[in-house]
Each structure stands twice: as C-alpha cells, then as structure tokens.
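Colleague: mind looking at a prediction? Sequence and model below.
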Amino acid sequence: MIRTHSISKVFNAGRPNEFTALHEISLDIQLGEITVLKGPSGSGKTTLLGLLGCMARPTTGRIFLKEREITSLPERFLTGIRRSTFGFIFQQFNLIRGISALENVMVPAYPNGEKFAQLRKRAMDTMEVFNLVNRADAKIEWLSGGEAQRVAIARALINNPTVIIADEPTAHLDTKLSHEFMSIMQELNANGTTIILASHDPIVYDSSQINRIIEMRDGRVVHEESRS
Amino acid sequence: MILHPNILALFISSVLICLMTLYATYHGAVILRRWDISSGSELQLSLERRTYLISTILSYFLGFQLVSMFLFVQTADSICHLFVGAMCAVGTLTANKFGYPTLLLKMLSFILAGLWLILNHADNQGYDYPLIRPKYILLLILAPFLLAETVVQGIYFAGLQPDIITSCCGSLFSQASRGIASEIIALPSNPMKIIFYSCIAAVMTAGTRLYMNGRGGYLFAGVCGLTFVVSIVSIISFISLYFYEMPSHHCPFCILQKEYGYVGYPLYVLLFSGVVSGLGVGILQPFRRKESLMDVLPAIQRKLAALSVASFFIFSLIVTWRIAFSSFKLEGY
Amino acid sequence: MSKRIERQRQIIDFTLAALMRRKGKNGALLLVYALVIFVLASVLFCTHALRREADLVLKSAPEIVLQRILTGRNQPVPIAWADKVRHINGVISVQPRLWGYQYDTVYRANYTLMVPLENPPVLGTIDIGSGISKIQGASSGDNIAFTGHDGQPRLFVIRNILDNESQLLTNDLILLSEKDYRDFSGIPTDQATDFVLRVRNPKEYSTIAEKLVRMFPDSRPIIRTEIQRTYDAVFNWRSGLLIVIFSAAALAFIIFAWDKATGLSAEERKEMGILKAVGWETSDILLMKFWEGTAISLTAFLVGVILAYFHIFFASAALFAPVLKGWSTLYPTFRLTPFLDFGQLATLFFLTVVPYTISTIIPSWRAATIDPDAVMR
C-alpha cells in the first residue's frame, strides 16, 4: 500500500509567485488495483503522481511505501526505489530522440549494471509482447503514434515495476488507441501490477476494470469512489 | 622566478584547483549550518544537490593532486642544474626553505582529500546522510592546508633564483658554495631494515585481524600511518641504495627517473594507496554504531583494509625482490 | 564489482552515442581544444628538444674558457699567460685557441673562423660548413675568396665540406691553419683569442676561476656549467614567455568551453530530464558528464600531441623556428631529436585539461541536478 499522510506541495515558497499545488492530501492507494485520479488540469494530479512515484518530496507531510517512510530519504535512495518500484508513462511519451526504440526501452536499466546481453534479451521479450520486434532498431522519429505509445509502455516495464504510473496517457491518442491502451493496462493489472492513472478522459475513468476513482480539484481530494 | 613551463603549469593549476576547493568549502560551510534531513523544503533539496557538487570537485582534486605531486618532483629534478651544487631534486628543494614544506603540504592535502572521499562514500551508503557533519568539518580542516600549499608553492617558486650569467661581461664562479645540501639525512640502514619489516608485519597482522573479526580499526589505522612514515624513511635510508647500487646516494626522488625504470612511481603510488585506505579505516571507526551504517560500514572497512594490506605488501615485495636480487651488498653501513 | 563495471560500460556507451548525436557542437569544441593543445605542445616539445640539443652540444664544450676583457669588451689574450696558468694546482692543460667572426657583406652572413686543435687544414686550404657551401655554391676542390682584416681578399682551396650531422655547430664554420688565420685576422703572433683549460676535478672549477682572476685581474674565466645553466634559463624564459602570451588564447578557449557547457540546448535539457525521470540518479548523470569530458579531453589531447609531435620532429617546427632560434641568414636545417617525457605531458595536462575540466564542473553539476519533476509537466 502507498499511504500519504497530510502531504502538501508548495512551489516557490516565500516568493511572490508562491503556489500551493496540494493541500494536505491523505490517501491510501491499494497495491494490485487500478486507481484513477480524475480532475481538470491544475487540480494537482500531476504533482500528486510525482509524489506518489517518488519523483519529488512533499513540502510537508509523510509518504509511506509498503510501511516504509520514504519522505526523508535522500534523493539517491529515492531514485533507487523509484527505479525498481515504479514505471512511468508520460503524457508526451518523452522518448529520447536519436536512438532506437530498443535502446529507449533499455535506458532506464543502465544504472543497474545488469549484463548487457541479458538486458537486451529482456527488452526484446517485452517488445515482443507489444509486437514491436520488427521496429526495434527504428529511430523514435519514425514510429507511428501507436508504436511510440507501446514503446513508452515497454520502457516503463523494463525494471519489472510493482506500480505503473501514467499521466494523461490518452491525451494524444485517438479512440482506438485509447481503448488499446486501457486493455494493456488491464492485462498488466491482471498480472499483479498496480496501476495509477491521472486522466480527465472518459474512456479512462469510465473503463470497467477501474477499482477506484479519486476526484481532485484545486489541490484537494473532493470525492472518492470505489468500484467492485 | 624561473619562467619554466612546468612551473607555470603547476602554479596556474594550483591556483585554479585552490579556488575550486575554496568554493566547495564555502558550500560545505553552508551545508553544515543549514542541513536538516527531515525537512522537505527547497533549501534542503538544494543542499542535497550541492553535496554532489562538492564530492565531484574533491574527486577531481584528488586525481589532480596525485599528478601534481609527481610533476612537482619531476620539475625540481629537471631544473636542478640551474643551481650550483644541486645534483637532483633534493638540491632544488633545498635551494629555498619552502621547497620541502610545499611537498609535504601536497602530500598532506592528498591524504586528507582521500580520507574525505572515503567518508563521502560511506555517507552515501547510509539512507540518512549520517556522516554529513564529520564530513564537512573535515572539509573545513582540509581547506586551509590546500590554501597553504598553493601559497607556499608560489612563494617557493617565486624565490627560486637560478645561478646564471646575467651580464655579458660578468661571471659568477664566486657564488659556488651556496651551502646546498645535496645529501639528505639518512638513518643507519640495519636498524631501519628491522623497523621496516616489523612495520610491514604489523600491518599485515592487524589487517588480517580486522578482516576476520572486524576489530582493531584504530590500531590498524595507526599502524598504517606509522608504516607510511617508516617506509619513506626506509626509502631514504636503505631502499634507494639498492636501486641506485651506490652506498651514498640516498635521494628518494631519483627512483622516479627513467634510468631506474620509473620504479619510484609504483612504489609511491602503493604507499599512498596504503596509507589513505588504512587511515580511512580509522576515520570510519567512530561511526560504526550509527544506525544507518551498521550493516554497511564493516564491509567498507574490510575492503579498505584489504586494499591497504595489499598495497603495503606489494610494496615490500618489490623492495625485497630488489634487495634479494641486487648484486649490491650493503653491509655495515 | 562486475555490476559496477557493467554500469560504467553502459553509461560510457550511452555517452559516446550521445556525443556522436551532436557532432556539430562537439566537433567545434574538439577542434578548438585540439588546436590549443597542439600549439602548446609544439612550444613545449620544441623548447625541450632544443634545450637537449644545446645540452648535448655543450657537453663537449671546454670546462673553463679564459678570456681577457678590456674596456668591458673581449680582447685577445697574451699567450705568455699560459705558463703561469699551467702552474695553478688542478689545471691539467692550457691550450690557446684562435677563432673569430667575420661578416660577409656580399652574402650578408656571419661566418665563424676557427683554427682546429687537431688536424688543421694545410696552408692555403680550408674546410667550410654546409651552410656556406650552399649559399656560395662551392664544393670540395673549389677556390673561394674571403676578405681579410685589411680589406684584401685571400684565396683558399676548399678541402672538405663539414658534414650535415653536426650542422648546429658547423653550418657557418670555416676551419683554417694557424698561419692563414693570423694573416687573415691580423691577430699578432704573441696573442690568441682565448685559452681552453682542462681541469682535474670538477669541484675545483670555482677555486681555479678565483685564482685566475686574482692572477690576471683583467681576465674573465667562464665555466661550462655556467653556460649550460644560462642557456637553459634562456630557453625556459622563451618558452615560458610564449606560454604566457598564449594563455590569452587559452583563456578564450576555456570561456568558450564553459559557455558551451552551460548553454545546454533545449533538446539536451529534455534528454537529461527524461533520463532522470526514468530513474537515473544525479550521480549517474554526473558520471555521464565525466565520461563526456574525458572522451573529449582524451581525443583532443591525443590529436593535439600527435600533431605537435609531427610538427616539431618531422616538419622541424616550421611555425616556431624564427622565435625560438634567433636571427641569422644561415639556419641549420637540422632535425630535432624526438623526446617525450612525463613532465611535458603532465605540464600539458595541467595547462589544458585541468582548466577545461574545472570550467565544466559547475555546468555539468547544474545539468545533473535537473528536477525530474519538471519533465512530468
């Protein structure tokens, strides 16, 4: 379980453009479920995702990952935990231009020092699952939208994460690809991966397999809903 | 001042490196004052980021200082003939009373920087930056030594006046006897041999004990420090004689020359690696009880001890090899 | 341990690939960097080699030369001095030497004329250096005329052309017999240009020199070691001067490097943000930057040093010769003997790689501590 205890995030503290993105959020996210953060842009979804995924530290409050407090961990340990526990899928995919799809998938694992041949095999296996084998050596710029999306997902999976975090994953996708995305997420969840999504797309939050919806507005949780 | 390229290089790089390290020290002082691991504020985050900067600077410093030490000696050796009576680096270093202090300060800053990096490495293994305070206090101690080294080196070089003909009508034979000691004081060799080998044996025993059951950290560090000093004295006293095959040539710097197969470099590198890792064990010893380090510190200390023992052992191996197989016999000196 | 090595390897691979992706920007930097190292290395190699040549030449110079000074200028020495000098304790031998300069108005060259102590040419013949032979178009067996001290030309037959090997010493040299030289130069029979002394014990040089001065107050003994040191100092001074002047250019390079390192393009910034976002730590990115700097420095260093080596030792320092050798119309075209040592390389390292590295430390660190959060937005 990921538990947040009264976390706040303030940007530019003490300066004229001080901005509070999150106000004392206390949440429990169950592992093994699909959770969706719903809300308009500016509601703090992205910030909350960043905090949950150990990408940033809250200004105040504590976060517990599987009963271990991670808030006061120095950045270097936080990154290590993040790398092994979380896989991120960004709104803009954020794939590295100039290198191939396969390399993009392998990049998050370089700091682990795994044997290259082994890493490559694992990456190819993941890409096979997503039908990307024949595009493995293609540069990112040459991939179609759907292919890029799947590369992004494959990259998020390379370190065998417990949790997948996706921020507005369907924002740049058409309906067909959006549905495809959701079905991939559901399949991953069926295998035990926790999924946390932030979206204001109905295709996402109306999907049948969602376990929980957390509605946010202006940095606060306004509504929580559990399904099945 | 002698406008020799090597001297210029040493001078310029020394100043640059000193500035860099002072900059790092300034940040270190800020960290000492404002560090608060439990706060998630932006200041704390920026302080954490700054620790990376400081450790990067000091890592580079260590590498540069090692080269600088050897270049300093090499330069002293190559300009020795500019001074009447100087036969090698020893002569150049005694031309002016700041010569040896510069070298000693260089060695000291190198060792301190090495120790700092060991502390830093250990600190990084603990999840709550347990050694932040001791680390930056050490940095504050290191900084004045480094500053002193740059200043003293500058004074030394500025004060070097070569004995050259400065006028077309003049000559200067009358300045012949400057009183440069081209001989270096050496201790008698037989007692030194005993002391040297005893120290090596002590290092190996203490090191093995530490490796096996993790005890005797301070003892080991002390023994390593002592062995370092004894080794250098031994080089002057008898080891160099076997390399030069001359009973009166005690110079510790000439073994760095090509004629002797550059054997001085591995010898000194081994000594430095031995003393830094040995002292490193000692400097980590007080922190074994810290919660976040309890699991990792013994392992780090063991590795350091192994490195130290290996270094001193290989050093003594090279020396013994030379003594055993040299056709030079040093009896009764 | 192998994990660490593997990690380094993969990060190095990634870094090198990243460098290749930005060939333009990195290429410009590399070019300037290599150029800086090339110039600096050339200066260092050239002066060092010249210094060594001078050293070798001076090794065979006389231990003590005794000259006479009148009104602050060199005058011939009376040969009668030799007897008294011979009796100084420690002096093995005293030999008078005859030599001098002659300016040739036609070819605008300075010649050195000398009576060799061994195997002098017979009356009427001379040996000339290769430089003279070249400019006058003369060879063995030819007749050649030189104008003497009284304005009258004297004809000589050329016996030998002095060989190329010793060009530094003999390029502008004319060897002739004693009688011919005295006639040519007008130096009286009871005088010589100077004396050459051989001494038993090098430690006695200064004592003997002191005695000489006391014996003949208008004499000037010059000890070989003094000459060696003075030459050395001159070479040091000249190369040091070049380096100081050149440091302005080096400074410009450092500023350029710093600017390049700070001015990360949006693309680079994004790439680093992505790396941090997918799980690279600050230390991983710092490592990447370290390898980047190392790759560039190493390449520039190798290219610069190798080119400088060729420049000095195979092209005879074409670009620097005038500054370092001095002026004369008779340049010996000797090849400098290649010589490389740790000291030179370390000096180069400290003058180029160290300032470059230091200038990139802070920009690299700034790049490495990019907030991964920023990428999310």
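Modeller: Alright, I've got the coordinates. Numbers count the residues shown, from 1 in each chain, chains lettered A, B, ... in the order given.
Colleague: need the contact list for residue 145.
Modeller: No chain in the question, so chain A it is. By CB atoms under 8 Å, 6 or more residues apart in numbering or on different chains, the residues touching A:G145 are A:172-174, A:177. Where you see a C-beta, it was placed from the backbone N, CA and C, and this is true even at glycine.
Colleague: please go with chain B instead
Modeller: By CB under 8 Å, 6+ apart, the residues touching B:F145 are B:105, B:108-109, B:112.
Colleague: and of those, the nearest to chain A?
Modeller: B:L112 (24.3 Å; CB to the nearest CB).
Colleague: what is the neighbour count of that closest one?
Modeller: When neighbours are defined as other CB atoms under 10 Å in any protein chain shown, B:L112 has 22 of them.
Colleague: let's see the pLDDT reported for the closest residue to it other than its chain neighbours.
Modeller: In space, not counting the residues next to it along the chain, B:L112 is nearest to B:L142; the distance is 4.4 Å by CB to CB, 6 or more residues apart in numbering or on different chains. Confidence at B:L142, expressed as pLDDT, is 91.
Colleague: helix or strand for B:L142, which one?
Modeller: helix B:132-158 (DSSP states H and E).
Colleague: next, the buried residues of that helix.
Modeller: Buried residues in helix B:132-158, counting neighbours by 16 or more other CB atoms under 10 Å in any protein chain shown, are found at B:132, B:134-136, B:138-139, B:142-143, B:145-154, B:156-157.
Colleague: what packs against the lengthiest helix in chain A?
Modeller: When every helix of chain A is counted residue by residue (DSSP state H), the longest turns out to be helix A:175-190. Using 3 or more CB pairs under 8 Å, 6 or more residues apart in numbering or on different chains; DSSP states H and E as the contact definition, the elements that helix A:175-190 packs against are strand A:34-38, helix A:145-157, strand A:163-167, strand A:194-199, helix A:202-205.
Colleague: how about these in CSV, adding mean pLDDT?
Modeller: Shown next, in CSV, are the helices and strands packed on helix A:175-190 (pLDDT from 0 to 100):
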stretch, mean pLDDT
strand A:34-38, 90
helix A:145-157, 89
strand A:163-167, 91
strand A:194-199, 91
helix A:202-205, 84
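Colleague: that older thread, centre of the chain to the helix holding B:L142, how far?
Modeller: Helix B:132-158 sits 13 Å away from the centroid of its parent chain (CA atoms, centre = their mean, to the nearest Å).
Colleague: so which of the contacts of A:G145 comes closest to B:V319?
Modeller: Here the nearest of the contacts of A:G145 to B:V319, counting by CB to CB, is A:H172; it sits at 69.8 Å.
Colleague: can you give me the helices in chain C?
Modeller: So, for chain C - with DSSP H - the helices run C:2-21, C:23-59, C:81-86, C:130-136, C:167-170, C:178-185, C:205-215, C:224-262, C:266-277, C:282-313, C:321-325, C:342-348, C:354-368, C:373-376.
Colleague: hmm, I was thinking of chain A
Modeller: For chain A, the helices defined by DSSP H cover A:45-52, A:75-85, A:101-106, A:116-129, A:145-157, A:175-190, A:202-205.
Colleague: kindly report the residues of the stretch 201-350 of chain C close to chain A.
Modeller: The stretch 201-350 of chain C has residues C:267, C:270-271, C:274-284 near chain A, with proximity defined as CB under 8 Å from any CB of the partner chain.
Colleague: export those to CSV and append columns for neighbour count and distance to C:T170.
Modeller: As requested, those are exported to CSV (neighbours: other CB atoms under 10 Å in any protein chain shown; distance: CB to CB, whole Å):
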residue, neighbour count, distance to C:T170
C:E267, 13, 64
C:K270, 18, 68
C:E271, 20, 64
C:I274, 25, 69
C:L275, 25, 66
C:K276, 24, 69
C:A277, 23, 73
C:V278, 28, 72
C:G279, 29, 72
C:W280, 24, 67
C:E281, 21, 67
C:T282, 23, 66
C:S283, 18, 63
C:D284, 21, 64
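Colleague: related to what we said a few turns ago, just want the angle from the longest helix of chain A to strand A:34-38.
Modeller: Angle, helix A:175-190 to strand A:34-38, by axes from the mean of the first three to the mean of the last three CA atoms, to 10 degrees: 130 degrees.
Colleague: keeping just the C-alphas, turn helix A:175-190 into PDB.
Modeller: What follows is helix A:175-190, C-alpha atoms only, in PDB (Å, rounded to 0.1, in the frame of the first residue of the first chain):
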ATOM      1  CA  THR A 175     -10.300   6.400 -29.500                       C
ATOM      2  CA  LYS A 176      -9.000   3.100 -30.900                       C
ATOM      3  CA  LEU A 177      -5.500   3.600 -29.400                       C
ATOM      4  CA  SER A 178      -7.000   4.800 -26.100                       C
ATOM      5  CA  HIS A 179      -9.100   1.600 -25.800                       C
ATOM      6  CA  GLU A 180      -6.000  -0.400 -26.800                       C
ATOM      7  CA  PHE A 181      -4.100   1.400 -24.000                       C
ATOM      8  CA  MET A 182      -6.700   0.600 -21.400                       C
ATOM      9  CA  SER A 183      -6.800  -3.100 -22.400                       C
ATOM     10  CA  ILE A 184      -3.000  -3.300 -22.000                       C
ATOM     11  CA  MET A 185      -3.300  -1.700 -18.600                       C
ATOM     12  CA  GLN A 186      -6.000  -4.200 -17.600                       C
ATOM     13  CA  GLU A 187      -3.800  -7.100 -18.700                       C
ATOM     14  CA  LEU A 188      -0.900  -5.800 -16.700                       C
ATOM     15  CA  ASN A 189      -3.100  -5.400 -13.700                       C
ATOM     16  CA  ALA A 190      -4.400  -8.900 -14.100                       C
END
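Colleague: alright, that wraps it up for me.
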